[in-house]
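Asker: sequence isn't available, so here's the structure alone:
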Ligand SMILES: C[S@@+](CC[C@H](N)C(=O)[O-])C[C@H]1O[C@@H](n2cnc3c(N)ncnc32)[C@H](O)[C@@H]1O
């Protein structure tokens, strides 16, 4: 049980985070609108998104849930690990320095700047894009350095709290197991935010993070210190694990960034590497109809950001994709703007 001071410090920290990242969001939006108003107006979605009041209520609910999980001992009192204030300010400066560049890219709809035929021999073509119109796509150190801030700005400081909700079915799975015997693989681990949360809860669990981006893996390595995890460059379509060798697979915010055909290949890879009785914890964006009032926002997202596969993702039948791969969906729920899905590989 947390004491009142711990609870108050959580509330204060999250309040400051939301103000910081939401402030960045509004500053960025004003900039983008100035550059891009005509195009956005032309493509306006059929439905409106949620009101600001509704979003703030949903954010408050997410934080209450995060705190309640810590209070019940499911995971320690969250530490977001944003870095020292000096580092935060320097990342913020770099973020704002990059904004005019990415706003130009967006105004001109240049979503494939990082594509080159030489890279195509090493990396899938769908990956070689400037997702979110970000500079360097997923390929550069600078992009890896800005990524966490960009995601938190997009979600107004709630991304970590959403990711942490995957720790709940993880705790459920770990009950009665020796963590030293459990191998968790986080696929498309990016900069390692989720891996760090796992290590904070389960310091002796065996962890592997895979990602196609060497630059993001390097950032993850720095971010994970002093914890130990194996970080491996790998394509989720061909995971570097033996059949039935992994206890838990996690995958956060990957499916909306890959084409439909690739989603199915990856789902089969998850099932192949999981041990019988193993578990998949999956998180990605909400899908259409999950929380109807958010549907307008889901329509707007791929217009605002370079997200070529997002619209198809929002219409996917995830239960069927995972069932066709040999997994059984045992849980699915909205988590603010994300969706948490849990699948088991039958014993
Ligand atoms: C939106 S980010 C999500 C990162 C992280 N899971 C998180 O919670 O922020 C998508 C990540 O997927 C990686 N990625 C995209 N396609 C991939 C693939 N086929 N195999 C492995 N990683 C991939 C990118 O490099 C990037 O790090």
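Answerer: Looks like it came in fine. All values derive from a computational prediction rather than experimental measurement.

Asker: what is the rounded mean pLDDT of stretch 120-132?
Answerer: On average, the pLDDT along stretch 120-132 is 90.

Asker: that one near the ligand at all?
Answerer: Yes - applying CB under 6 Å from any ligand atom, one finds that stretch 120-132 is in contact with the ligand at residue 127. For glycine as for every other residue, the C-beta is placed from the backbone atoms N, C-alpha and C.

Asker: residues in contact with that stretch: which ones?
Answerer: 102, 105, 110-116, 119, 136-139, 150, 154, 212, 235, 237, 257-259, 262, 305-309 (CB atoms under 8 Å, 6 or more residues apart in numbering).

Asker: can you narrow those to ones near the ligand?
Answerer: Within the contacts of stretch 120-132, those near the ligand by CB under 6 Å from any ligand atom are 138, 212, 235, 237, 257, 258.

Asker: quick one: buried ones out of those?
Answerer: For those, a burial check counting by 16 or more other CB atoms under 10 Å picks out 138, 212, 235, 257, 258.

Asker: not counting its neighbours along the chain, what's nearest the first one?
Answerer: In other words, residue 138. residue 213 (4.2 Å; CB to CB, 6 or more residues apart in numbering).

Asker: determine the set of other helices and strands touching the helix or strand of the chain with the lowest mean pLDDT.
Answerer: Every helix and strand in the chain was compared by mean pLDDT, DSSP states H and E; the lowest is helix 4-42, with a mean of 82. With contacts defined as 3 or more CB pairs under 8 Å, 6 or more residues apart in numbering; DSSP states H and E, helix 4-42 has these neighbours: helix 52-71, helix 85-107, helix 141-154, helix 295-304.

Asker: please repeat the previous calculation with a cut-off of 10 Å.
Answerer: helix 52-71, helix 85-107, helix 141-154, helix 159-164, helix 295-304 (3 or more CB pairs under 10 Å, 6 or more residues apart in numbering; DSSP states H and E).

Asker: just want the angle from the longest one to helix 295-304.
Answerer: Spelled out, that is helix 85-107. Angle between the axes of helix 85-107 and helix 295-304 is 80 degrees (criterion: axes from the mean of the first three to the mean of the last three CA atoms, to 10 degrees).
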